[in-house]
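> no FASTA, just this:
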Ligand SMILES: CC/C=C\C/C=C\C/C=C\C/C=C\C/C=C\C/C=C\CCC(=O)SCCNC(=O)CCNC(=O)[C@H](O)C(C)(C)COP(=O)(O)OP(=O)(O)OC[C@H]1O[C@@H](n2cnc3c(N)ncnc32)[C@H](O)[C@@H]1OP(=O)(O)O
Ligand SMILES: Cc1cc2nc3c(=O)[nH]c(=O)nc-3n(C[C@H](O)[C@H](O)[C@H](O)COP(=O)(O)OP(=O)(O)OC[C@H]3O[C@@H](n4cnc5c(N)ncnc54)[C@H](O)[C@@H]3O)c2cc1C
């Protein structure tokens, strides 16, 4: 066998796809090490994939789209039980990265009965439970002796946590908290796996002691009997019904009727309530929001992966789909030859790389903050909150857009569930809502930006944190893009900084100006909020570009560096065109400079073309993980689409009961009436 740089090549594959792989200029295993941020992790992913490939009991028994919701939940529970039993043979104990990959391969993205257990319940106990509480619950949770979730959102309130209605009232006499749901709108609503799977939850409720409201606090709450799984007395609980996607997860509702838990079930790592009701406040008011920050930090990578699923499917399919001619004297071309197709897909391939690099930095910062907070140092919490609020919003928004573009790039077959695109879109777009609705989270970042703008305006730029230091710098009078003989990334970064700085200062001016004119602060805030959110987006997009530049600078392998540099060129030119209004409106960039940017964009679309398939192959998704007929590694799309259709439950019989019962009589009576 010939040694190829692209490690996805196999004999017998669709030759059109193999031809793409042969033109790749870099080693896809090495690129995987960049994507997954370490050679060791990329290798372990492959090893886990291989182990799973050899264990048919861990494979889907039939395609997910052919299963009912109940069947999917049963199937997912079967596999969850198996991977729990064999976990230590497959992954390193307690390695969350490996667990994440194992889950994606075996259980898939539609969720599973213990999704929230891993993503939020364990992180909440880890960060918020005292050592004594951890001894009691965390080990049991890690061993999966109990199943838990994170129950915060209510029917009436998800965003505004100060107005949650669930109360936890301290009863000094019995040293218990009494949990109560006073109204329908106070029912917990949405928590994943609450509906049917969990027997415990970390519940967020407003804590009242001696009549005083201390705001939202987290409590460990038993929900169901550990033996019978029946709801405990005082608990009303169930599933909220089918959703756009993510239906293997039983998102649920929960009500409490004067339900009592011991005082010691308040999570007490940072906050305490003494037996006599004395409240000991935490070192930071929002320290108990840590489980949300955990998900926001990790979901950047999760979103990049889902975007790359869609791009892998669309790019591979575009290499085997032939339709139309560019040169009418030549045979039909692969649709990937069309510039419009490249323009639809390649900038999103670049974005997916940019997002995964930004995601790796975010997780690193999150882990640092987690360690510091454990020792009482909360100084970086605000920075992490601002960064993750912006990133989760911008990345989930563009991820959803990119998946939809990828679906449309697959033409009619993209609309079939055989492509799996609708599920990928449905799961990913949930990220625009969960963990803080995107507009709301952009406004959280805006608070941080406005404070920073105020420092700039009052001559205190030296106090700006590293993420916003650029706000205090002076701009050149115009962009130097195409004005220096060797225009490089520095000119682009300065241009993005100028755009973000100008918008931030302008939006802050609007806000401060309205207050000077006598508007109350929240009214002035609301009237400035569209402009403020624009600033948040531009700031975040600048951060993403900078994270991409930092990564490319670190890469040593010249072949990888070259293709990543091409992708970065594509990214900065595409981004600048996309936000050109901001660049043009104060004349910082001229229309002739934009022409240069456009030419660069087209140049890099063409330059990336031979590496397109290798760039998506580098994410190393197995067919089992992708679950897409169109995205198959071997490119044998058509015969497998036919096989997939034949397997559809509707094709089990030639004549459906609906035909016997209704259509046949209808046609017969129509014929009879004609006679
Ligand atoms: C290796 C892999 C491991 C793990 C994998 C993880 C993820 C996998 C990736 C993909 C997953 C794929 C599929 C997942 C599918 C399903 C989803 C799973 C989970 C979803 C779960 C949820 O949605 S849980 C519910 C989430 N809810 C929210 O996010 C609510 C949003 N609202 C808020 O957060 C708050 O209400 C608020 C921030 C908007 C306001 O809070 P509050 O009213 O209390 O604030 P105030 O106005 O009083 O004060 C504001 C000041 O507080 C500061 N602040 C706020 N939050 C924080 C914080 N967290 N840290 C630090 N500071 C904070 C804020 O900055 C203000 O400060 P000022 O100085 O400006 O006053
Ligand atoms: C798939 C999925 C999984 C979830 N899992 C969980 C879970 O496990 N646990 C859990 O507790 N919750 C969970 N949730 C709930 C989720 O966190 C909330 O739905 C989310 O935080 C948004 O809150 P909301 O529904 O109250 O939206 P709303 O706040 O009602 O949003 C409606 C609109 O109002 C706007 N808006 C609201 N407030 C403001 C404001 N202050 N300024 C400007 N605009 C505003 C929003 O931008 C939006 O356009 C999940 C949700 C989904 C979709």
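Received it, and whenever you're ready, just let me know what you need. Values in this document were obtained by computation on a predicted structure and should not be read as measured data. Ligands and ions are numbered 1, 2, ... in the order given.
> Can you name the residues of the stretch 101-250 of the chain that neighbour ligand 1?
Proximity of the stretch 101-250 of the chain to ligand 1 (C-beta under 6 Å from any ligand atom) is limited to residues 119-120, 150, 152-153, 158-162, 192, 246. Backbone N, C-alpha and C define where each C-beta goes, glycine included.
> so of the residues you listed, which ones are in strands?
residue 150 (DSSP state E).
> Report the two of the residues of the stretch 101-250 of the chain next to ligand 1 separated the most.
162 and 246 (27.8 Å; C-beta to C-beta).
> Of those two, give the one with the bigger neighbour count.
residue 246 (20 against 9; other C-beta atoms under 10 Å).
> helix/strand/coil for residue 588?
Of the three states, residue 588 takes coil under DSSP: H, G, I helix; E, B strand; the rest coil.
> can you count the residues close to it?
Residue 588 has 20 nearby residues by other C-beta under 10 Å.
> residues touching the closest residue to ligand 1 within the stretch 301-450 of the chain, list them.
Closest approach between the stretch 301-450 of the chain and ligand 1, counting by C-beta to the nearest ligand atom: residue 302, at 2.4 Å. Going by C-beta atoms under 8 Å, 6 or more residues apart in numbering, residue 302 touches 100, 431.
> So for stretch 43-52, what gets flagged as buried?
Using 16 or more other C-beta atoms under 10 Å as the test for burial, stretch 43-52 gives 44-46, 48-49, 51-52.
> taking those one by one, which sit in helices?
44-46, 48-49, 51-52 (DSSP state H).
> hmm, back to that, highest neighbour count among the residues of the stretch 101-250 of the chain next to ligand 1?
residue 150 (28 neighbours).
> my read: it touches residue 191, true?
Yes: the criterion here is C-beta atoms under 8 Å, and residue 150 meets it with residue 191 at 6.1 Å.
> shared neighbours of the two, which are they?
Counting by C-beta under 8 Å, 6+ apart, the shared contacts of residue 150 and residue 191 are 116, 201.
> Do you know the pLDDT at the residue nearest in space to the middle of the chain?
Taking C-alpha atoms, centre = their mean, the centroid of the chain lies closest to residue 303, which sits 3.2 Å from it. Residue 303 is assigned a predicted lDDT (pLDDT) of 98.
> So it is in contact with residue 354, correct?
No: using C-beta under 8 Å, residue 303 is not in contact with residue 354, being 11.6 Å away.
> returning to what we had before: give me the distance between the residue of the stretch 301-450 of the chain closest to ligand 1 and residue 396.
Distance, residue 302 to residue 396, using C-beta to C-beta, to the nearest Å: 9 Å.
> which neighbours do these two share?
residue 431.
> give me the element residue 633 is part of.
Under DSSP states H and E, no helix or strand contains residue 633.
> can you tell me which of the residues of the stretch 101-250 of the chain next to ligand 1 are in helices?
Short answer: those have none in helices (DSSP H).
> can you pull the contacts of residue 444?
Residue 444 touches 385-386, 389, 436, counting by C-beta under 8 Å, 6+ apart.
> can you give me the strands for the chain?
Counting by DSSP E, the strands of the chain are 148-151, 167-171, 176-180, 188-189, 200-209, 212-222, 235-239, 252-256, 259-262, 272-273, 279-280.
> Just give the strands next to the fifth one in its sheet, each with its orientation.
For strand 200-209, the paired strands and their directions (DSSP bridges) read strand 148-151 (parallel), strand 167-171 (parallel), strand 212-222 (antiparallel).
> any idea which of these is most buried?
Ranked by mean neighbour count, the strands paired with strand 200-209 are led by strand 148-151 with a mean of 30 (mean count of other C-beta atoms under 10 Å).
> Could you give the average pLDDT over that one?
For strand 148-151, the mean confidence score works out to 98.
> Give me the contact status of that strand with ligand 2.
Yes: under the criterion of C-beta under 6 Å from any ligand atom, strand 148-151 makes contact with ligand 2 via 150-151.
> So which residues lie in contact with that strand, not counting its own?
116-117, 120-122, 124-125, 141, 188, 191-194, 197-204, 221, 252, 254, 291.
> what subset of those residues is also close to ligand 2?
For ligand 2, the contacts drawn from the contacts of strand 148-151 by C-beta under 6 Å from any ligand atom are 116, 191-192.
> Throw the residues you listed into a markdown table and include pLDDT and distance to residue 599, thanks.
Output for those, formatted as a markdown table (pLDDT from 0 to 100; distance: C-beta to C-beta, whole Å):
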| residue | pLDDT | distance to residue 599 |
| --- | --- | --- |
| 116 | 98 | 49 |
| 191 | 98 | 51 |
| 192 | 98 | 47 |
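> Residue ranges in the stretch 101-250 of the chain under the pLDDT threshold?
Counting by pLDDT under 70, the stretch 101-250 of the chain shows no low-confidence range.
> So out of everything in it, what residue is nearest ligand 1?
Counting by C-beta to the nearest ligand atom, the stretch 101-250 of the chain gets nearest to ligand 1 through residue 161 (3.9 Å).
> Could you give the bridge partners of the residue nearest to that residue when sequence neighbours are not counted?
The shortest distance from residue 161 to any non-neighbouring residue, by C-beta to C-beta, 6 or more residues apart in numbering, is to residue 216 (4.9 Å). Residues in a beta bridge with residue 216, per DSSP bridges, are residue 206.
> thought residue 216 was touching residue 204?
Yes: applying C-beta under 8 Å, one finds residue 216 in contact with residue 204, separated by 5.1 Å.
> Now the common contact residues for these two.
152, 161, 164, 288.
> In CSV: the residues you listed, plus distance to ligand 2.
As requested, these are exported to CSV (distance: C-beta to the nearest ligand atom, whole Å):
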residue, distance to ligand 2
152, 3
161, 9
164, 10
288, 13
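> Greatest separation within those residues: which pair is it?
Checked with C-beta to C-beta, these reach their widest spread between 164 and 288, with 12.8 Å between them.
> Quickly list what's touching both of the two.
Common contact partners of residue 164 and residue 288 (C-beta under 8 Å, 6+ apart): 204, 216.
> What helices and strands are in contact with the lengthiest helix in the chain?
Taking DSSP H as the criterion, the chain has its longest helix at helix 339-374. Contact here means 3 or more C-beta pairs under 8 Å, 6 or more residues apart in numbering; DSSP states H and E; on that basis helix 339-374 packs against helix 122-128, helix 290-320, helix 381-409, helix 521-554, helix 558-578, helix 591-608, helix 612-617.
> interface residues of the stretch 301-450 of the chain facing ligand 2?
So the stretch 301-450 of the chain meets ligand 2 at 430, 433-437, 439-440, 443 (C-beta under 6 Å from any ligand atom).
> I'd like to know which of the residues you listed are buried.
Buried members of those, scored by 16+ other C-beta under 10 Å, are 430, 434-436, 443.
> Ligand 1 contacts on the protein?
Residues of the chain lying near ligand 1 (C-beta under 6 Å from any ligand atom): 96-97, 100, 119-120, 150, 152-153, 158-162, 192, 246, 286, 289, 292-293, 295, 298-299, 302, 381-382, 385, 427, 430, 434-436, 440, 444, 447.
> hmm, back to that, a markdown table please, covering the strands paired with strand 200-209 and showing distance to residue 57.
What follows is the strands paired with strand 200-209, written out as a markdown table (distance: least, C-beta to C-beta, whole Å):
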| stretch | distance to residue 57 |
| --- | --- |
| strand 148-151 | 27 |
| strand 167-171 | 44 |
| strand 212-222 | 33 |
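> rewinding a little: nearest to residue 597, of the buried residues of stretch 43-52?
Among the buried residues of stretch 43-52, and counting by C-beta to C-beta, the member closest to residue 597 is residue 45, at 36.4 Å.
> quick one: the residue nearest to residue 202 when sequence neighbours are not counted from residue 148, how far?
Take residue 202 and drop its neighbours on the chain: the residue closest to it by C-beta to C-beta, 6+ apart is residue 124, 4.4 Å away. Distance from residue 124 to residue 148, counting by C-beta to C-beta: 8 Å.
> Then residue 444?
Where residue 148 is concerned, residue 444 sits at a distance of 27 Å (C-beta to C-beta).
> How about residue 583?
Separation of residue 583 from residue 148 (C-beta to C-beta) stands at 48 Å.
> Ok, residue 326 next?
57 Å.
> which ones are touching the residue of the stretch 151-300 of the chain found nearest ligand 2?
With C-beta to the nearest ligand atom, the shortest gap between the stretch 151-300 of the chain and ligand 2 falls at residue 158, namely 2.5 Å. By C-beta under 8 Å, 6+ apart, the contact set of residue 158 is 152, 190, 437.
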